[in-house]
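Visitor: here is my input, please return the structure:
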Amino acid sequence: MKKILYFFLICSIAVSVSAQSNESKDELFSKIAKLTQKKKPEDTEKAYQLAKDYLARFGKDGDEKTKKIKDFVEKYRLAKFNESLDGLNIQAAMNYAKDILAENPEDSYVTMNLALGGFDFYVKKQDNSIVNQTIDYAKQTLQLFDKGKLPREYTPLKSKEDAQATMYYIIGMLSINSDIKEAARNFYRAVSFNSQIKSKADPYYVIAFYYEKVYESASEEFRKKHQDNKTSDAEFEKDRQKINLIIDRMIDAYARAVNLGTIEKHPSVDMWKQRLTEAYKFRHNTDSTLEDYIKNIMNKEMPDPLNIQ
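Guide: All right, here's what the predicted structure looks like:
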């Protein structure tokens, strides 16, 4: 009995789809128009689905009716895309975005907001299921910007620079646990723009933490290489200078984190300052000039963490 009911259900659906696809262009247009005049969201959604069918069948026509249907589809799915992001329904947003990007792969407004929405979803839901996709959308946005494919507007961000900084910041934040070097690289790029990111303490702390890892590795390598005193004085001095450079870079990044962290009252600023003081005293044998160093650090150009010679 269940098999018979299932068979009739399938047949019913097939007949319905067939009837819908056999509707004339004018009939389908009229049905869509009537649905869009109703106020219920489900009627507008039905109109959208019918409109997609309309374009699949008659989209190559250049008449006014087809233009109106295309305009309705574009405006509706963009509105639903934004609405889905606002509601943190990231999967729905990605579904609408898929249709938008299928027609216009270089729509940087959509890729930018997918990156923003994915990051917001990650932070608020503590869900890392779309971390890789979010990183990809942020990278895609930056690539489109480099090609001059700019968004129709930067909302909710303020400007091109703010958008670029934020994309790098998102990549940095989502790379911390998997690749600290990649995180440092992107945070350095993020703070190079004149945006609100430049004044955040966290990027500088992550860069400082990256230097900690570089220092650990370099120190171990230095110890193994020179423990038997078989290297020349010149080689020893060269390697020692590299270690000192890493420490100087670490001090630089920690000082920036402490400077900005103090302003924003970051909960970790005391811990950062303790580590900064240790490194500074180790390098200079005193911390008497540390406060002045912290005070003036933001006036100095920050070195690229990926360029340690």
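Visitor: right, and the helix or strand after the helix or strand Asp136 falls within?
Guide: Secondary structure assigned from DSSP states H and E places Asp136 in helix 131-146. Per DSSP H and E, the first helix or strand lying C-terminal to helix 131-146 is helix 160-175.
Visitor: got the buried residues for the following helix or strand past that following helix?
Guide: Next helix or strand after helix 160-175 toward the C-terminus (DSSP H and E): helix 180-190. Buried residues in helix 180-190, counting neighbours by 16 or more other CB atoms under 10 Å, are found at Ile180, Glu182, Ala183, Ala184, Arg185, Asn186, Phe187, Tyr188, Arg189, Ala190. Using the backbone N, CA and C atoms, a C-beta is placed for each residue, glycine as well.
Visitor: which elements pack onto the helix holding Asp136?
Guide: helix 108-125, helix 160-175 (3 or more CB pairs under 8 Å, 6 or more residues apart in numbering; DSSP states H and E).
Visitor: could you rerun that using 10 Å?
Guide: helix 90-103, helix 108-125, helix 160-175, helix 180-190 (3 or more CB pairs under 10 Å, 6 or more residues apart in numbering; DSSP states H and E).
Visitor: buried sites along the longest one?
Guide: To tie it back to what came earlier, the one meant is helix 108-125. Buried residues in helix 108-125 (16+ other CB under 10 Å): 108-122.
Visitor: repeat for stretch 207-220
Guide: Ile207, Ala208, Phe209, Tyr210, Tyr211, Glu212, Val214, Tyr215, Ala218.
Visitor: wait, isn't Leu35 in contact with Ile69?
Guide: No. Checked against CB atoms under 10 Å, the pair Leu35 and Ile69 is beyond contact range at 11.9 Å.
Visitor: neighbour count winner among those two?
Guide: Higher neighbour count among Leu35 and Ile69: Ile69, with 25 against 19, using other CB atoms under 10 Å.
Visitor: show me what the helix or strand the more buried one falls within is packed against.
Guide: Using DSSP H and E, Ile69 maps to helix 64-86. Contacts defined by 3+ CB pairs under 10 Å, 6+ apart place helix 64-86 against helix 25-36, helix 41-58, helix 90-103, helix 108-125.
Visitor: quick check: mean pLDDT of the first one?
Guide: This means helix 25-36. For helix 25-36, the mean pLDDT works out to 89.
Visitor: same check on the second one?
Guide: Average pLDDT, helix 41-58: 90.
Visitor: tell me what angle it forms with helix 64-86.
Guide: 130 degrees (axes from the mean of the first three to the mean of the last three CA atoms, to 10 degrees).
Visitor: rewinding a little: between the helices and strands packed on helix 131-146, which gets nearest to Thr262?
Guide: helix 180-190 (19.1 Å; CB to CB).
Visitor: C-alpha coordinates for the closest one, CSV please?
Guide: Extracted in CSV, the C-alpha atoms of helix 180-190 (Å, rounded to 0.1, in the frame of the first residue of the first chain):
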residue,chain,number,x,y,z
ILE,A,180,50.8,30.8,12.9
LYS,A,181,53.1,32.0,10.1
GLU,A,182,50.1,32.5,7.8
ALA,A,183,48.3,34.3,10.6
ALA,A,184,51.3,36.6,11.1
ARG,A,185,51.6,37.3,7.4
ASN,A,186,48.0,38.3,7.1
PHE,A,187,47.9,40.3,10.3
TYR,A,188,50.9,42.3,9.1
ARG,A,189,49.0,43.1,5.9
ALA,A,190,45.9,43.9,7.8
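Visitor: could you point out which element follows that helix?
Guide: Heading C-terminal from helix 180-190 (DSSP H and E), you reach helix 202-226.
Visitor: packing partners of that next one?
Guide: Checked by 3+ CB pairs under 10 Å, 6+ apart, helix 202-226 has helix 160-175, helix 180-190, helix 233-263, helix 269-284 packed alongside it.
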